[in-house]
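J.: Following is a predicted model, sequence given first.
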Amino acid sequence: MLAKQILIALLGSFAVLSSNALTPSGRRAFLTRTAAAGAVVATGSAPALAELPSTGAKAPAFELPNSRGNGLTTLEALTKDNKWTVLYFYPGAFTSGCTLEARGFQRDLDEYRKLNTQIVGVSVDPIEKNAQFCTEEKLDFYMLSDKGGLVSKSYGSALSIPGFGTFSNRQTYIIDPSGNLRWVFTDVESHVARHSAEVLGKLKELTV
């Protein structure tokens, strides 16, 4: 049962399900990987899930290249201006769920700014792909490239699956101006369209 639930979550998170985002070779690769995921269900083996960090404690530190091409971004740099940070992890740029999620944050960006909050995305995608995604979607926030998924693992937002590798699971973290982790959204995949509104609601509670 657990393996089946994980597979469903995997297929939801793995937004390469959108055939419009895949080349013919990409679709073949996806079908091959889906078959491998079916084997996970058949054997009952589960992917390695990273452990979530504790809320109320310091958020895990990181240093990652950003999609703006101006070097590395650290947690310290994000909090130095006394801003709140919405750090959201997503499986892959240009896929249906990730595009919908990014558009939601962009739509509500002025509301986040009123709450002294910045939006930053994280995925295992390369810098160039994240930069292209931000440009084509006209996003006024940037993405960080977590090659190898080490930061995703430190935030408990990584799935490591044989045949798939490691990628960022769809989870969102609210970090206060002191660098403390204040809230974690883990069940994002089932309601991506309204996720930004949920994050804004929680921010308003935390910043009162």
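T.: All right, it came through fine. Residues are numbered from 1 along each chain as shown.
J.: now the helices for this protein?
T.: 2-13, 24-43, 75-79, 96-107, 109-114, 127-136, 150-154, 195-206 (DSSP state H).
J.: Can you name the residues in contact with the fifth one?
T.: With contacts defined as CB atoms under 8 Å, 6 or more residues apart in numbering, helix 109-114 is touched by 86, 105, 118-119, 140-141, 200, 203. For every residue, glycine as well, the C-beta is placed using N, CA and C.
J.: mean confidence for it?
T.: Mean per-residue pLDDT for helix 109-114: 97.
J.: For that helix, list every residue counted as buried.
T.: Judged by neighbour count (16 or more other CB atoms under 10 Å), helix 109-114 contains these buried residues: 109, 112.
J.: low-scoring stretches of the protein, by residue?
T.: 1-50 (pLDDT under 70).
J.: Residues in a beta bridge with the residue nearest the centre of it, which ones?
T.: What sits nearest the mean C-alpha location of the chain, by CA atoms, centre = their mean, is Phe89, with 1.4 Å. Phe89 forms beta bridges with Val122, Gln171, as assigned by DSSP bridges.
J.: In contact with it, which residues?
T.: 121-123, 152, 155, 157, 168-173.
J.: mind redoing it with 7 Å?
T.: Going by CB atoms under 7 Å, 6 or more residues apart in numbering, Phe89 touches 122-123, 152, 155, 157, 168-171.
J.: Go through these and name the one nearest Lys58.
T.: For these, the residue nearest Lys58 by CB to CB is Tyr155; the value is 12.2 Å.
J.: burial count for that closest one?
T.: The number of residues packed near Tyr155 is 25, by other CB atoms under 10 Å.
J.: With the one 5 residues further on instead?
T.: Applying other CB under 10 Å, we find 15 other residues in the vicinity of Ser160.
J.: I figured it hits Asn169, correct?
T.: No. Contact criterion CB atoms under 7 Å: Ser160 and Asn169 do not qualify, at 10.3 Å.
J.: separation between the residue nearest to the centre of the chain and Ile174?
T.: Separation of Phe89 from Ile174 (CB to CB, to the nearest Å) stands at 13 Å.
J.: Thanks a lot, see you next time.
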